[in-house]
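> Sequence and predicted structure are below.
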Amino acid sequence: MNVLILFYLFCLVEMSTTTAETKTCWPELVGKTADEAVKIIKDESGLSKVHVCGPGSRTTRDIDDERVRVYVDEDNKVTSQPTIG
């Protein structure tokens, strides 16, 4: 029972620190150019670590809450929604 109460309290704290204005992904950027996507993400999030990953790019599997990866195709168009992490 105590574990459930602690979990519930943890969830309440997490929800209170995340606002509706906190954006974590940009599905609307699919199809845009890499330059457009990077500019929009930096403007909206304030993050400086926005990495463009081309076809076949190698990436690490770590999670970084201050990084967004923008995956693009051969035409430099965004292929999937950029997400923080």
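Here it is on my side, so go on.

> Output the below-cut-off pLDDT ranges for this protein.
Across the chain, residues meeting the criterion (pLDDT under 70) sit at 1-20.

> quick one, strands of it?
Across the chain, reading from the start of the chain, the strands by DSSP state E fall at 49-53, 67-71, 83-84.

> residues of the second one that come out buried?
Of the residues in strand 67-71, those buried under the neighbour-count criterion (16 or more other Cβ atoms under 10 Å) are 67-71. (Each C-beta comes from the backbone N, C-alpha and C, glycine too.)

> residues contacting residue 39?
Applying Cβ atoms under 8 Å, 6 or more residues apart in numbering to residue 39 gives no contacts.

> again, only this time at 10 Å
Counting by Cβ atoms under 10 Å, 6 or more residues apart in numbering, residue 39 touches 32-33, 50.

> With residue 36 instead?
Applying Cβ under 10 Å, 6+ apart, the residues near residue 36 are 29, 70, 76-78.

> who wins for neighbours among those residues?
Using other Cβ atoms under 10 Å as the neighbour criterion, residue 70 leads these with 25 neighbours.

> Report the beta-bridge partner residues of it.
With DSSP bridges applied, residue 70 shows beta-bridge pairing to residue 52.

> Contact partners for it?
Residues counted as contacts of residue 70 (Cβ under 10 Å, 6+ apart) are 26, 29, 32-38, 41, 50-54, 78-83.

> mind listing which of the residues you listed are in helices?
The members of the contacts of residue 70 that map onto helices under DSSP state H are 34-38, 41.

> okay if I get those as JSON lines plus distance to residue 61?
Converted to JSON lines, those look like this (distance: Cβ to Cβ, whole Å):
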{"residue": "34", "distance to residue 61": "22"}
{"residue": "35", "distance to residue 61": "27"}
{"residue": "36", "distance to residue 61": "27"}
{"residue": "37", "distance to residue 61": "22"}
{"residue": "38", "distance to residue 61": "22"}
{"residue": "41", "distance to residue 61": "21"}
